[in-house]
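Trainee: Next one to model:
(chains A and B)
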Amino acid sequence: MTDTLPKAPLDTPFGPGIDRVEGPLKVTGTAPYANEHTARRIGSPTHPLVGFMVLSTIAKGRLVSLDTTAARTSPGVRLVLTRDNAPPQNDWGPLVARDRFARSQPALHDDRIRFFGQPVALVVADTLETARAAAQTISATYEPETPAVTLDEKTAIIPPTLNGFKPTRTSIGDFRNSYAASAAKLDVTYETPHQSHAQMEPHATTALWDANGEHVTLWTSNQILNSAQKGIASTLQLKPEQVRIVGLYVGGGFGGKLPWFDDALLAAIAARMLKCPVRVAMTRQQMFTATTHRTATRQRIRIGAARDGHLRAIAHDALSHCASFDNFVEDTTTITRGLYGADAITTSALLNKLDLPRSDSMRAPGDAVGMIALECGLDEIAHTLGMDPVALRLANDTQTDPTAKRPFSSRKLAECLRTGATRFNWSARNPTPGQHREGEWLIGTGMASAMRYNLVRPSQAEIILSQTGHLTVRMAMTDPGTGTITILARIASEATGIPPDRITVTIGDTDFPPAAGSGGSFGAESAGSALYNACETLRLRLARTATTENGPLANIPLSTLSFSNASLTNGTKTIPLTQLVPRDGLTTQGSIKPGNEAKDWSQASFGAHFAEVAVSAVTGETRVRRMTGVFACGRILNARTARSQAIGGMIWGISAALFEANPVDPRSGQFTARDLANYHVASHADAPHIDATFLPEDEPVSNPLHIKGIGEVGICGAPAAIGNAIFNATGIRIRNFPITPDKLLPHLPEISL
Amino acid sequence: MKTFTYTRASTVAEAAKRATPAGAMPIAGGTNLLDLAKPELINPDQIIDITRLPDLNTVTRTSDGTVHIGALVPNADLAAHPLIRQHYPVLSRAILSGASPQIRNMATTGGNLLQRTRCIPFYDPAARCNKRTPGAGCDALHGPNRMNAILGGSPSCIAVNPSDMAVALRVLDATIHVTTAAGTTRTIPIADFHLLPGNTPDHETRLERGDIITGLTLPPPPPGRQVYRKVRDRASYAFALVSVAAIIDADPTPDASPHIRSARFALGGIATKPWRIPAAEAALADQPLTRDALNRAADLTLAGASGHGENDFKIPLARRTLTHVIAHTARNPIPMDPSGAT
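Mentor: Got it, this is the predicted structure:
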């Protein structure tokens, strides 16, 4: 039998969780964000020059001319960048790309206006105020065309694939006959609006070129630095190694910083032309048009069920949009394919290519909106059947993915439903709508399942153990406020037995090994697994060094060794790691990429949402009173930040259910909400007591850490639970989200005296 | 933002004089002015800081029960002031229902009276707006007007006055005190202070160039229970869809309709200025609380209301909210809980 070193333990009790490593920097305002880098170099001004973007005021047409005379002659203005003086760039694309965030995305390169709020010029000046004032003197002449900005099945196309290269259509069983033979049937359409990420930190970049103008460093706010590096290099006709992206602190991403945007490109172009560092930050108003958003959807959901609640047939057909020049397709029906063991499940998608800004990922793309139709639809069928909504879901639970036809690696949906029902006191509910009134307020409860498929993306890590015993982690990973830095430190500490105070996690730099970045709930398991593997290699190297003939643990079997307290021990003999590290330190690498486990198993995080709402019988205002969320996501790395992810998703569910929408003015093609006064997300007063729990779960196959994604499952189903609670409170079913007072108002009872 | 000069005035007379030229604007809390100046929706070339003017930062009560509020009293302080909480709770609640704590700390009493509309085209440099550019046209009439006015509008403008404080002041019959550039003083009843847009929506108040608001007075509180009910999309930090400031003096009668001695009410969120109709109040005075009486009051309040598409719902919403507030206040001696929490 071969002598092998035991794997690093993964059972360390994490207790109530650990504080964010960078928390003190963030709450004291001393963590430097992209717009705050001074980017000094010899010969440069003290501060970078500041660029301000000028955006188009039509949605479609031709930019005939720009009058920049006043801007160019304004005091303090260094450059007015337009299509007349912008350098050559690669064309947009390719349209179909394995990594769409690494595509070429030129700006100011032609005279086409493709959406309202498209950058048409950049003014660079000594100060923000000067640049902005000069930018506002620029006038544009357009040849406008009528933009198409409204979802319309009649002009829709069938897209070749959905986001993530998922198939557009799926079908199991015989929907037509199963549906026809169902005792209870539902055939309704749900609608969800355009939504904007509205991150706290606006998109911003500071650019600095080396003296030869060959290498550029971009401090930017982005979720996947390696993709931004490739994309910007491709656009500027550079090699990726000529572009270094640095983004340690990111003030919220939510998918809206998966792509990189014109702030980065135009800062890079201007800094090269001016031979000075340049920063470009979007204003709050600019963010709403010059970045991406979540598409509006129109979803037809048909559900057929037997009298006992067995689901016989589900059909989910979704319409969404992408920009005229893009190919993003919201995968609205993904969860419908796998959540319930119905006899027949069919899904399909249609796509409008519209003259709007690009749609792209926003927290739980596809699922956050798709689960509204599915989980409100389930509630409607439960009501028709006179069946408890929890019981209906339990009756259709499955350990086999019905469409993929493979087992789930772990699935505790039923446990989440039961635990949630108990914690929420679901059994006290009156299933008849509109029965519980407290003064002005109608009270109701609702629930929904939660599900989000799991993803691992290729990632690499490098760790360096110094002779003083300090461990440094290096990877081009990002932490958009999710707590990644903290869990990476924890993973390294757990795997190597080195205390966290002797570990430094350095991420956010493409000079480090490439990492998956943050998105799709894949960050922790991708980057974390790569780091874990690097730690495994380090452990083996240290153990082998210790057990060589002349080593301090000579002749001791590897299988008896373990790492703790910065030492290697067999229980009787303990050697500090510092004695095993060469003078130059010890460096190891690790990596992860999706393997066969992703083909043999369906992997997903599951959960259950319960919500209690109060709806004013007078005004239709809805206030969420309490929510319970129970989730099973494999092993939890940090209870504290995991809970933050869960409650963040649930509060976002409140926003999606009740507030969030960015309608387009069909005349101009412009989003009508361009600030946080008009784009409503939940305020503190809207976030009630939230009980969020993770169940212990053994996830056997997903990755070496036995974790599943936790970043998005919290929003999946949450809006539906609130919509269902509103129905229970009022007997009113609103299928057009968000559920605002004006939509409930026509159905409310007469005012009582 | 265009470059401007910044000076600090040390007396009201100096402030009034400096604020007289076109392009000059006084600044106090700046919570609205700076938001508007950055995207060049307004373009002052001189900013006169009036925050250091003496003696404008107090709330005092005279022997006849009148309360005087200095123009520079921050919204937060005013809402928390014992005199206001005790005698004018409708004003405290109205102020606290608006904005955020940070904004209320900065915003002043005088500035709140002058806050500009939140109409979406008004805030959009690419849209047409008669308020910003007289004669340009109005992109709200047939556009994004969910938050816009159903009353007091004109073909030129349907922008809502967004102040909560002003609605409470309207029901309390506040009087605004002004010092003019000539050094004289005058008073303006709150009813007359804000102008209907008509053909000149850029002209929003009775103030003339160089006028400085020095404060306002509140007459002794009228009898009755005071309430402020703000209907809004989210629980905090949202402008009103409809708001009702009401003072209802009624005899609660446990098993019968209460008898209303007097009812005062003003509405916000639905009109181009705080909306109060004396005839509607008269319809309820010395009446039992009946559906007919409430319907008459609501009909009179909302006479001439018209929706513009997205804001059509405000007509039934205003009627329902007004009806409920009057009926509920007349019946209940305890304050309503506006939060939905119990």
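Trainee: Which residue comes closest to whatever residue of the stretch 151-300 of chain A ends up closest to chain B once chain neighbours are left out?
Mentor: Residue of the stretch 151-300 of chain A nearest chain B, by CB to the nearest CB: residue A:285 (7.0 Å). From N, CA and C alone the C-beta is placed, and that goes for glycine too. Of all residues not flanking residue A:285 in the chain, residue A:674 sits nearest, at 4.4 Å (CB to CB, 6 or more residues apart in numbering or on different chains).
Trainee: Am I right that the one you found is in contact with residue A:289?
Mentor: Yes: assessed by CB atoms under 8 Å, residue A:674 is found in contact with residue A:289 at 7.3 Å.
Trainee: For the stretch 201-342 of chain B, which residues are neighbours of chain A?
Mentor: The stretch 201-342 of chain B has residues B:231-239, B:241-242, B:257, B:289-291, B:294, B:313, B:316-317, B:320-321, B:323-324, B:327-328, B:331, B:336-337, B:339-342 near chain A, with proximity defined as CB under 8 Å from any CB of the partner chain.
Trainee: Mind checking which of those residues are in helices?
Mentor: Judged by DSSP state H, helices contain the following of these: B:291, B:294, B:316-317, B:320-321, B:323-324, B:327-328, B:331.
Trainee: can I get the residues you listed in JSON lines with neighbour count and pLDDT?
Mentor: Formatted as JSON lines, these follow (neighbours: other CB atoms under 10 Å in any protein chain shown; pLDDT from 0 to 100):
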{"residue": "B:291", "neighbour count": "14", "pLDDT": "96"}
{"residue": "B:294", "neighbour count": "24", "pLDDT": "97"}
{"residue": "B:316", "neighbour count": "17", "pLDDT": "98"}
{"residue": "B:317", "neighbour count": "25", "pLDDT": "98"}
{"residue": "B:320", "neighbour count": "22", "pLDDT": "98"}
{"residue": "B:321", "neighbour count": "27", "pLDDT": "98"}
{"residue": "B:323", "neighbour count": "21", "pLDDT": "98"}
{"residue": "B:324", "neighbour count": "22", "pLDDT": "97"}
{"residue": "B:327", "neighbour count": "24", "pLDDT": "95"}
{"residue": "B:328", "neighbour count": "20", "pLDDT": "94"}
{"residue": "B:331", "neighbour count": "16", "pLDDT": "90"}
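Trainee: Of those, which is the nearest to residue B:304?
Mentor: Taking CB to CB as the measure, residue B:316 is the one of those closest to residue B:304, at 15.5 Å.
Trainee: Quick check: that closest one vs residue B:281, distance?
Mentor: Counting by CB to CB, to the nearest Å, the gap from residue B:316 to residue B:281 is 21 Å.
Trainee: burial count for the residue of the stretch 351-500 of chain A found nearest chain B?
Mentor: Using CB to the nearest CB, the single residue of the stretch 351-500 of chain A nearest to chain B is residue A:441, 5.2 Å away. Residue A:441 has 24 neighbouring residues, counting by other CB atoms under 10 Å in any protein chain shown.
Trainee: Next, the nearest residue to it once chain neighbours are set aside: secondary structure please.
Mentor: Nearest residue to residue A:441, sequence neighbours excluded (CB to CB, 6+ apart): residue A:614, at 4.1 Å. Following DSSP: H, G, I helix; E, B strand; the rest coil, the label given to residue A:614 is strand.
Trainee: mind checking how far residue A:614 is from residue A:738?
Mentor: Separation of residue A:614 from residue A:738 (CB to CB) stands at 17 Å.
Trainee: Between the two, point out the one with more neighbours.
Mentor: Neighbours were counted for residue A:614 and for residue A:738 using other CB under 10 Å; residue A:614 has more, 27 against 23.
Trainee: That one contacts residue A:623, correct?
Mentor: Yes: taking CB under 8 Å as the definition, residue A:614 is a contact partner of residue A:623 at 5.1 Å.
Trainee: in what helix or strand does residue 255 lie?
Mentor: Just so you know, I chose chain A. According to DSSP states H and E, residue A:255 maps onto no helix or strand at all.
Trainee: which residues does it contact?
Mentor: Residues in contact with residue A:255 (CB atoms under 8 Å, 6 or more residues apart in numbering or on different chains) are A:197, A:223, A:292, A:294, A:360-363, A:365, A:519.
Trainee: same question, residue A:82
Mentor: The contact partners of residue A:82, by CB under 8 Å, 6+ apart, come to A:66, A:68, A:108, A:120-121.
Trainee: okay, now the domains of chain B?
Mentor: Chain B breaks down into these domains under automatic domain parsing: B:5-52, B:225-331.
Trainee: Can you say which of the ones you listed is nearest to residue A:435?
Mentor: When those are compared by CB to CB, domain B:225-331 sits nearest residue A:435, at 20.7 Å.
Trainee: mind checking the end-to-end distance for that closest one?
Mentor: 11 Å (CA to CA, to the nearest Å).
Trainee: and if you look at stretch B:26-38?
Mentor: Terminal residues of stretch B:26-38 are spaced 16 Å apart (CA to CA).
Trainee: could I have the lowest-mean-pLDDT helix or strand in chain A exported to PDB, CA atoms only?
Mentor: When each helix and strand of chain A is scored by mean pLDDT, DSSP states H and E, helix A:597-600 comes last, with a mean of 89. Taking C-alpha atoms only, helix A:597-600 is exported to PDB below (Å, rounded to 0.1, in the frame of the first residue of the first chain):
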ATOM      1  CA  GLU A 597     -18.500  15.500 -12.500                       C
ATOM      2  CA  ALA A 598     -20.200  18.300 -14.400                       C
ATOM      3  CA  LYS A 599     -21.300  15.900 -17.100                       C
ATOM      4  CA  ASP A 600     -22.300  13.000 -14.900                       C
END
